[in-house]
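**Student:** my questions are about this predicted structure, shown below with the sequence.
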Amino acid sequence: MTRVLALFFPKGSRRGGSYTARRLGSAAKMSTSGSSAPKQPHGPPDNLLYVFVISRHGQRTPIMRCQNLPKNEPVDYGQLTATGRDQTFKLGQFLRGRYEAFLRSCDSPGEVLATHVSLDRCRDSVRETVRGLGVPAVPISTDPTRYDVPFSGSVNANMDRALKGPGRGKFETLGDLVHFVAEKTGAPWRNNTDKFLVMDSLVTYVLNGNPVPDWAKSMWEDLLWADRTVFAQLLVGYERPFAAYVLGRVLDTLAEKFEERVQGPDRMQVFSMSDTSLFSALKLLNESHDVRPCFCASILIEVYKDGQEVRVRVLYRAEDEPCLVPMNKLGNPCELSKFLEFLRGILNTP
């Protein structure tokens, strides 16, 4: 595990800009960001003891090459863009500003830990977030999970069923709509992974600053709906494999520190993950969650002392200020002991 030390925390922070500003009108906010939680200001609690930050990587290029969607970014497919680097740096600045008082007394190595899944865009994202936090450039640890295994299982188990579902507009099924987009964009249609990436490729192409293609303008709302639907349907039944590592780390760390009383120097952990992992973690915490996380969307898990009690508060930050995650089976905030019991239940951990 890599440990990084926060060296300085100047006053103030810059808010990260909305990555959906390049989208077409009001449809921009419908595709990959948002939360059903009430939008209320939630500053950091007093007597903060520990913080986990679980975030999606910054803006990337499309993962799959489509013949009719020219790649204008200088980086390769599936890589972090310059905008993505800026987004993740600003996430670090946001965290620095939010937790300035908590981290001000940091004066020894190992007080901030950084981890990423084994994707270049996640590695580069967490480096930028650490830089925005004001920490030195140091090696960063990699989550050992093989995410290609649950991804292959989920896409092969769910894609055919999802594409047989109802469509929108003139399309009888979702599959008809997605196949139409594949033909228009020149996307490959060889296997279930290709089919999953068709909508993602088009939407990400627009997020990268390209105009919505003429053929797509009149049906853009339907295309955004298809993007959301394909993504959510892919993960049905596979949320635990995608989220087990990071939620397991949360469980193990908090149990060790607050149940077993094993004290270490760390007080914050920062994870950079894919949208599948972040969505799955949200889904396990809040069964009603159904919105694909935007670039740099983050879960903030704050542990703090309230009188004689240690409590946990779980927040979700998309493009606005963090808001409470409505946890169906648990209050939020709640006692730490109940939160750990809840995590053990959803992870099937003794």
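**Tutor:** That came through, no problem.
**Student:** can you give me the end-to-end distance of stretch 264-276?
**Tutor:** This stretch, stretch 264-276, spans 31 Å end to end (CA to CA, to the nearest Å).
**Student:** swap that for stretch 158-169, please
**Tutor:** End to end - CA to CA - stretch 158-169 spans 23 Å.
**Student:** run through who's touching it.
**Tutor:** 172-178, 192, 195-196, 219, 222, 225-226, 229-230, 233-238 (CB atoms under 8 Å, 6 or more residues apart in numbering). Using the backbone N, CA and C atoms, a C-beta is placed for each residue, glycine as well.
**Student:** same check on stretch 244-263?
**Tutor:** The contact list for stretch 244-263 (CB under 8 Å, 6+ apart) reads 49-50, 52, 54, 115, 143-145, 264, 266, 269, 271, 273, 277, 281, 284, 301, 303, 310, 312, 336, 339-340, 343-344, 346-347, 349.
**Student:** and if you look at stretch 118-133?
**Tutor:** 4, 6, 53, 55, 57-58, 60, 78-80, 84-86, 88-96, 112, 114-116, 137-138, 140, 142-143, 147, 270-274, 296.
**Student:** buried sites along it?
**Tutor:** 119, 121-133 (16 or more other CB atoms under 10 Å).
**Student:** let's have these in CSV, adding pLDDT.
**Tutor:** Shown next, in CSV, are the buried residues of stretch 118-133 (pLDDT from 0 to 100):
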residue, pLDDT
Leu119, 96
Arg121, 98
Cys122, 98
Arg123, 97
Asp124, 98
Ser125, 98
Val126, 97
Arg127, 95
Glu128, 96
Thr129, 96
Val130, 93
Arg131, 93
Gly132, 94
Leu133, 92
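**Student:** which among the residues you listed gets closest to Asn72?
**Tutor:** Comparing those against Asn72 with CB to CB places Arg121 closest, at 17.5 Å.
**Student:** dump the helix or strand where that closest one lies to PDB, restricted to CA.
**Tutor:** Under the criterion of DSSP states H and E, Arg121 resides in helix 120-133. The C-alpha trace of helix 120-133 is given here as PDB (Å, rounded to 0.1, in the frame of the first residue of the first chain):
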ATOM      1  CA  ASP A 120      -4.400   4.100 -16.800                       C
ATOM      2  CA  ARG A 121      -7.100   6.700 -16.500                       C
ATOM      3  CA  CYS A 122      -7.700   5.800 -12.800                       C
ATOM      4  CA  ARG A 123      -4.000   5.900 -12.100                       C
ATOM      5  CA  ASP A 124      -3.600   9.300 -13.800                       C
ATOM      6  CA  SER A 125      -6.700  10.600 -12.000                       C
ATOM      7  CA  VAL A 126      -5.600   9.700  -8.500                       C
ATOM      8  CA  ARG A 127      -2.200  11.200  -9.200                       C
ATOM      9  CA  GLU A 128      -3.900  14.500 -10.100                       C
ATOM     10  CA  THR A 129      -6.200  14.300  -7.100                       C
ATOM     11  CA  VAL A 130      -3.200  13.800  -4.800                       C
ATOM     12  CA  ARG A 131      -1.500  16.700  -6.500                       C
ATOM     13  CA  GLY A 132      -4.500  18.900  -5.900                       C
ATOM     14  CA  LEU A 133      -4.500  17.800  -2.300                       C
END
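**Student:** what's the following helix or strand after the helix ranked longest in the chain?
**Tutor:** Under DSSP state H, the helix in the chain containing the largest number of residues is helix 239-258. Next in sequence after helix 239-258, counting helices and strands by DSSP H and E, comes strand 268-273.
**Student:** what angle do that next one and helix 120-133 make?
**Tutor:** Computed with axes from the mean of the first three to the mean of the last three CA atoms, to 10 degrees, the direction of strand 268-273 lies at 150 degrees from that of helix 120-133.
**Student:** tell me the contacts of the residue lying closest to Tyr304 once chain neighbours are set aside?
**Tutor:** Nearest residue to Tyr304, sequence neighbours excluded (CB to CB, 6 or more residues apart in numbering): Pro45, at 4.1 Å. Neighbour list for Pro45: 302, 304, 306, 313 [criterion: CB under 8 Å, 6+ apart].
**Student:** pipe those residues into TSV and attach distance to Pro211 per row.
**Tutor:** Shown next, in TSV, are these (distance: CB to CB, whole Å):
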residue	distance to Pro211
Glu302	41
Tyr304	46
Asp306	51
Arg313	41
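**Student:** can you select the buried ones among the contacts of stretch 158-169 for me in ChimeraX?
**Tutor:** In ChimeraX, this line selects whichever of these come out buried by 16+ other CB under 10 Å:
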select :174,175,177,178,192,195,196,219,222,225,226,229,230,233,234,235,238
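**Student:** filter the contacts of stretch 158-169 down to just the ones in helices.
**Tutor:** 174-178, 192, 195-196, 222, 225-226, 229-230, 233-234.
**Student:** pick out the most distant pair among those residues.
**Tutor:** Largest separation among these by CB to CB: Asn192 and Asp222, giving 21.8 Å.
**Student:** ok, back up a step: narrow the contacts of stretch 244-263 to those that are buried.
**Tutor:** By 16+ other CB under 10 Å, the contacts of stretch 244-263 give 49-50, 52, 54, 115, 143, 145, 266, 269, 271, 273, 277, 281, 284, 301, 303, 310, 312, 336, 339-340, 343, 346 as buried.
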